[in-house]
Structure formats: C-alpha cells, structure tokens
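Chemist: sharing a model prediction with you, sequence too.
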Amino acid sequence: MTDKTAGGDVRLTGISKHYGSFTAVHPLDLTIPQGSFFALLGASGCGKTTTLRMIAGLEEPSTGTVRLGEQEVTHLPPYKRPVNTVFQSYALFPHMDIFENIAFGLRRRGIKSVKKQVDEMIELVQLGEHARKKPHQLSGGQQQRVAVARALINHPQVLLLDEPLGALDLKLRRQMQLELKRIQTEVGITFVHVTHDQEEAMTMADTVAVMNGGRVEQLGAPADLYENPRTTFVANFLGTSNLIEAAVESAGDQVVVSAAGTTLRLPGARCSTTPRTGGKLLVGVRPEKLSLVPADEEHTIAAGRNKVTGRITASSFIGVSTQFVVDSPVCAELEVYVQNIERDARLTPGTEVVLHWNPEHTFGLDAAQDIDAGTETVEEGA
Amino acid sequence: MSAPLGWLRRHLVVIAGLATLAYLTLPNVVVTVFSFNNPTGRFNYAWQEFSLEAWKDPCGVADMCGSLSLSLQIALWSTIGATVLGTMIAFALVRYRFRARGAVNSLIFLPMAMPEIVMAASLLALFLNMGIELGFWTILIAHVMFCLSFVVAAVKARVLSMDPRLEEAARDLYAGPVQTFLRVTLPIAAPGIAAGALLSFALSFDDFIITNFNSGNTVTFPMFVWGSAQRGTPVQINVIGTAMFVIAVLVVLAGQVVSSRRQKQKH
C-alpha cells in the first residue's frame, strides 16, 4: 500500500471546512515536508482537529485539495488512504485483545501471516506480556502505546496524532513525548501532531503551525516562533511575552520608541511590521531576557541597554527561577524570570527596581491588534 | 439480648438475599414437586404420591406437544423478526437525524406502556377489518410488534454508549463500510442485541392475552394450559414447566462458566 506511493509531502491547497454558516477552517495552504514532525498548535475550536481529520479522510473539505506526494486523496475514503490516526481517546477496539487490535489494519488489507510483524510491533512499544489482554485491562499509558502501535504497523505515509497525550498525567506525558519523538526518528514517517499544549508542541515538533480561529497565525521552527512571534496571539500563546505599547520616534535599522517617557531601542529587522515615525508599535520582550537590579544600583548597568524603572508587586519562587511581577510606568504587569544562581535578598515585593535588557532581544509587533490575544491559557481536553 | 441482634445485623444481607431467592423460586419448586405427583382426580392441586409416570410420557396428553412445538416456532420466528427489525430501528434512531425521528422514538415504546388487553382487542379489530384470517401469521405479526420495543430499548442503550470513534478507527485502519460493521459495530452491539433477543423469546413464548385474541383456531402452549385448566390439569404441564425452567438455568450457568473461563485465561 505504501510502497507504490512511497515518499512525498502532505500538501493542503486552499482547504476549508464549513458547517452550515460556521467556518471551522478558513482556506488554508500548508505543506508538510516528508519525514518531518509537524505540530498543529492552538486552543480548542481553532480548527486544528478538523484540519487533521481532513487529512485522514474522516472529514471532507468544503473547498480545496489534499495531496500525499503525487497522489490526490481529497475524495478518497479513509480506508483507501495510506494515512493512519492515533485518536484522542485511543479508540481501541474493546472486544479485541491487544494482539488483534494491532493486527487489525494488516488483516483488513488481506495480509495472512501477521504474527511476526505484530510481535515485533508489540516489542517496539514494550508491551510483550500484555498481548492477550483486553484494552480495559491496561493503564492509560499502555493503551496509548497500543494506539500508536496499531497505527504504525501499517507503515503509513503519514501518522496523524490527535491530542494523543491529553488523557495522561504530566509525568507520563513528558515520558511519552520523548518516546514518540524517538519512534518518529526511528521509523522516519511524517508525524502530524495536534495539540493545545505549547510546551508539547515545542518539545516534539520540527515545525509548529499556530492556529487561531480557523487560520494559521504563524508557522516555523519552535525557536523561531518563540523568538520572533509575528502576532500578539503567537507572542502570548507560546510562552509569555511582555508587550509595551510605544510611540515610534525614529525608524530604520535601529528603531527608537518611547513609552511613558522611557526611551527603548530595538532592531528594525525584528519588527513584523514596518515602523513609521510618529506611529505606534507594540514592543515585546520575553520575561527570561530581563535582568533586575535594585534602583540604587542603576549605575552598574552597562550602557546601550534598554532600561525600565518599576516596583516589584509580587514574587514567586519556583526552584530553578524566581518569577517577579513588576509595576512600571510603561506596563502595569511586567513579568521577569530570574535564574536562581545568586539570589538577591533585597528583591522583595515593594522594592524599587530597574529592569534592563539587550535591545537585540526586543521584537516589534503591529499595534493594531488585541494586545491580550492568546493570553487566556487553554482549557484541558480540547 | 445484644448477641442475637449483632448476629442478625452482620448477616442481614445474606438473610435478605436468601429470603428473596426463596420468594422467587418457591413457585418453581411447587411446579417441580407436582410434576412427580400422581393425582387421583383431574386436578393436580393436592399431593398424593411420588410417580414418574408423567416424566416417562411427557406428550401423553392429546394436543399438548403440538401446541408446545407451535409456541416454540412462533417464539423463534418472532425473536428473529423483532431482533432484526429492532436492531435496525435502534441504529437509525441513534445514528441518523430524520423527519419524525422524535415521533418514532416515543411511539416505539407504546406497546410497552399500553395495557395488553387493549392492544389485543384493537389488533383483533384491525385484523378483522383487513379481512386477514386469524392463525399462525396473525400471532406472529402481533408478537413481533410487542417484542420490537424491548429489542429497540436494549440495543439503543448499547449503541448510545458506543464511541463513534471506534468506527472511525476501523475505517482509518482499512476497513470498508461492510467490514467496519461486521468487525466492530456488530460485535460491540452484540450484548444488547442478545439481551433483546432473549427477552423477545421469553415474552413471545408465554404470551397469552394478545395471542388468545388473535389466534383463531390455532392453540399455543399458554392457551392449551389455560384451556385445560378449565377441565383439569394434566401433570405433563408441570413436566414441561419444570423442563423449561431447568433448561433456562442450565443456559445461564453455562454462560457463566464460559465467561469465567475466559477471564481466567487472560490472567
């Protein structure tokens, strides 16, 4: 099944999905390179699962085409596509044992001697002694591995994963993330992973597409998305961002802006929009790029760094770092993460401080968007 | 004083269980005991002496085994008819949105709710007006009709609790529509279908009221028992009753043995 069409990217061209007057997915172009680990990331209802189901064939697109390599599969039923899915609730067949669950796909394709392949697959997911058990006798993590094995044994061209780790507890989730990544590297199959967990997406995927309201907001490598968000949604949804509304004083290679009387600088190349003198700009910086010193030590800060004064309103110690919230004239709630290398005992709530950071670490966003988009963190089980 | 009370309290569940069991099985015990009776008159109501006469010749009463075989046939066919139709209706009601779905959904339970005697009389009026000859077929049609709602109720509950993703998973794993139905949908719905079928068989086999109204000259086993009770009750009726009871218990026991064996194999 896979041999004759071996190789090839997943190519979505202008696909969209409407349910009556509701648009789940707006016309979307997406190319998923062969062999990559691709994540569709977004909150519940953003269209990521619908997109996945259109690749699987479980949902027919309202417009557009789906191609796997050279083959167009837009109107092929799921059982004729070289694509397999790991479902959110695993969807293991409750009346079959683990062996039969994993053998299901091979048997339906008329393969007679399945024993060797199934045994190998059971070994790969380390479920050797459970082959003759029924799904309900396994733990969540084991069921999850059966679901992966049941899909992978068919050597699909693309493996689709629909929130496969959503039902697991945090520790097991981290373990399974690494496990899945290992399996993907080993088998070299294209994985398309749908998740609402930004950490999960960044840990596992080579490329992440952030979806919001049925559209892809931004697509790129995890580090690139994190460092260079192009919209406030991405800036806030992926990690945390401090966004400061500022007026542009001069544009160019070096952009100079001012907010509440404070002058800040950032590289023109890191603006997702073209800043115009006299216009507005959202200036962003990640909390871990900021350094914090008590106000009376301002003179120790090297020249050329962005500086903002403020007062600590809250601090929480979380082991590797301490997270501060600083009230400043430019922004009422600046978040600062300080590594706990040498803890400064004077940095307690109420202390007047100066924040400073390298201007290179600053990014600029179009001011004509909702500054709080994407801040609401996602509910579980989307 | 407190010692017996304490004992009672500790064993209350067992006592209540045994009392319920006795309540349920006592009639069966009486039927069984009297199947070994050798009554003097025409009525088998007073114990005389132990005898195996009736057991040696269960069909010794004129027409009884004929009516028994007819009842078994009707029960078998109405079970098949009601199970097939009821399963399809249950799937349609759960899976599809169509016009009059709500009406069908509530009307299907009408036979359960309506007094049987009313339905029996109305059915008779219907058959007479349509000019259909009363007999085997009218009994069968009536039985399928009242068994249907029980099958629909049993299968619907099962289909409702079934994860639609299971069928999606089957389709995703190269099973076409027919394979998906045979390999996944049907096996998962099977317990509900079996429950509906067993209920249908039991309901059809011992139905008297509707059958009596719509049978014409045909005599089923319950009708035979009723008819003979006017003139005298042959011991053979108790023999048949006891045999049915024993067969039912054996089937249940066999089922439990099989399922417990399966459980053991897994561990």
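Modeler: The structure has been received and is ready for your questions. Residues are numbered from 1 along each chain as shown, chains lettered A, B, ... in the order given.

Chemist: how is the chain carved up into domains?
Modeler: Just so you know, I chose chain A. A:3-227, A:240-366 (automatic domain parsing).

Chemist: other chain: chain B
Modeler: Domains of chain B are assigned by automatic domain parsing as B:1-56+B:236-267, B:62-233.

Chemist: tell me which of the domains of chain A is the most buried.
Modeler: domain A:3-227 (a mean of 19; mean count of other C-beta atoms under 10 Å in any protein chain shown). All C-beta atoms are positioned from the backbone trio N, CA, C, and that covers glycine.

Chemist: what's the mean pLDDT across that domain?
Modeler: In this model, domain A:3-227 carries a mean pLDDT of 90.

Chemist: repeat that for stretch B:51-58.
Modeler: 86.

Chemist: could you do stretch A:256-267 as well?
Modeler: The average pLDDT for stretch A:256-267 rounds to 90.

Chemist: gap between the two ends of it?
Modeler: Stretch A:256-267 has an end-to-end distance of 9 Å (C-alpha to C-alpha, to the nearest Å).

Chemist: show me which residues of the stretch 151-267 of chain B sit near chain A.
Modeler: Residues of the stretch 151-267 of chain B found near chain A (C-beta under 8 Å from any C-beta of the partner chain) are B:163, B:165-166, B:168-176, B:179, B:183-184, B:187-188, B:265-266.

Chemist: give me that answer again for 10 Å
Modeler: Within the stretch 151-267 of chain B, the positions adjacent to chain A are B:162-177, B:179-180, B:183-184, B:186-188, B:190-191, B:262, B:265-267 by C-beta under 10 Å from any C-beta of the partner chain.

Chemist: can you say which of the domains of chain A is nearest to B:Leu26?
Modeler: For the domains of chain A, distance to B:Leu26 was read as C-beta to C-beta. The smallest value, 39.1 Å, belongs to domain A:3-227.

Chemist: what's the offset of the closest one from the middle of its chain?
Modeler: 15 Å (C-alpha atoms, centre = their mean, to the nearest Å).

Chemist: which residues of the stretch 1-150 of chain A fall in helices?
Modeler: A:48-56, A:98-108, A:115-124, A:140-152 (DSSP state H, counting those that start in this stretch).

Chemist: in TSV, list the ones you listed along with distance to A:Leu161.
Modeler: Shown next, in TSV, are the helices of the stretch 1-150 of chain A (distance: least, C-beta to C-beta, whole Å):
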stretch	distance to A:Leu161
helix A:48-56	8
helix A:98-108	16
helix A:115-124	16
helix A:140-152	8
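
Chemist: among those, which is nearest B:Ser71?
Modeler: The nearest among the helices of the stretch 1-150 of chain A, by C-beta to C-beta, is helix A:98-108 at 40.8 Å.

Chemist: past the strand or helix carrying B:Asn105, which element shows up next along the chain?
Modeler: B:Asn105 is located in helix B:101-107, with elements delineated by DSSP states H and E. Using DSSP H and E, the helix or strand that follows helix B:101-107 towards the C-terminus is helix B:110-113.

Chemist: how about the nearest residue to A:Leu40, chain neighbours excluded?
Modeler: Leaving out its chain neighbours, the residue that sits closest to A:Leu40 by C-beta to C-beta, 6 or more residues apart in numbering or on different chains is A:Lys48, at 4.1 Å.

Chemist: mind listing what that neighbour touches?
Modeler: Counting by C-beta atoms under 10 Å, 6 or more residues apart in numbering or on different chains, A:Lys48 makes contact with A:24-25, A:39-42, A:162-163, A:192-196, A:209-212, A:214, A:216, A:382.

Chemist: state the distance from it to B:Leu128.
Modeler: For A:Lys48, the distance to B:Leu128 (C-beta to C-beta, to the nearest Å) stands at 64 Å.

Chemist: next: B:Ala16.
Modeler: Applying C-beta to C-beta, the value for B:Ala16 to B:Leu128 is 50 Å.

Chemist: give the contact list for the residue nearest to the spatial centre of chain B.
Modeler: Geometric centre of chain B, nearest residue: B:Ala202, 1.6 Å, by C-alpha atoms, centre = their mean. B:Ala202 is in contact with B:Ala75, B:Thr79, B:Cys147, B:Phe150, B:Met244, B:Ala248, counting by C-beta under 10 Å, 6+ apart.

Chemist: that one: which element?
Modeler: Using DSSP H and E, B:Ala202 maps to helix B:186-205.

Chemist: that helix: how far from the chain's middle?
Modeler: Relative to the mean C-alpha coordinate of its chain, helix B:186-205 is positioned 9 Å out (C-alpha atoms, centre = their mean).

Chemist: list the buried ones in that helix?
Modeler: By 16 or more other C-beta atoms under 10 Å in any protein chain shown, the buried positions in helix B:186-205 come out as B:188-189, B:192-193, B:195-205.

Chemist: contacts only, for B:Pro164.
Modeler: By C-beta under 10 Å, 6+ apart, the neighbours of B:Pro164 are A:Ala91, B:Val94, B:Arg95.

Chemist: now these as JSON lines including distance to B:Thr233?
Modeler: Listed next are these as JSON lines, based on distance: C-beta to C-beta, whole Å:
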{"residue": "A:Ala91", "distance to B:Thr233": "58"}
{"residue": "B:Val94", "distance to B:Thr233": "47"}
{"residue": "B:Arg95", "distance to B:Thr233": "50"}
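
Chemist: and which of the residues you listed is nearest A:Leu292?
Modeler: Within the contacts of B:Pro164, the smallest distance to A:Leu292 is 49.5 Å, found for A:Ala91 (C-beta to C-beta).

Chemist: who's in contact with that closest one?
Modeler: Going by C-beta under 10 Å, 6+ apart, the list of residues near A:Ala91 reads A:85, A:101, A:135, A:143, A:147, A:150, A:162, B:163-170, B:172-173, B:184.

Chemist: tell me the residues of the stretch 151-300 of chain A that contact chain B?
Modeler: Counting by C-beta under 10 Å from any C-beta, the stretch 151-300 of chain A sits next to chain B at A:Ala151, A:Ile153, A:Asn154, A:Pro156, A:Leu160, A:Asp162.

Chemist: could you dump the residues you listed to CSV with secondary structure and distance to A:Ala205?
Modeler: Output for these, formatted as CSV (DSSP: H, G, I helix; E, B strand; the rest coil; distance: C-beta to C-beta, whole Å):
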residue, secondary structure, distance to A:Ala205
A:Ala151, helix, 18
A:Ile153, coil, 23
A:Asn154, coil, 22
A:Pro156, coil, 18
A:Leu160, strand, 14
A:Asp162, strand, 15
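
Chemist: widest-spaced pair of those residues?
Modeler: Across these, the longest distance by C-beta to C-beta is 18.3 Å; it joins A:Ile153 and A:Asp162.

Chemist: how near is B:Ile247 to A:Arg53?
Modeler: Using C-beta to C-beta, B:Ile247 is found at 50 Å from A:Arg53.

Chemist: A:Ala314 now?
Modeler: From A:Ala314 across to A:Arg53, the span is 43 Å (C-beta to C-beta).

Chemist: for A:Arg215, same thing?
Modeler: Taking C-beta to C-beta as the measure, A:Arg215 falls 17 Å from A:Arg53.
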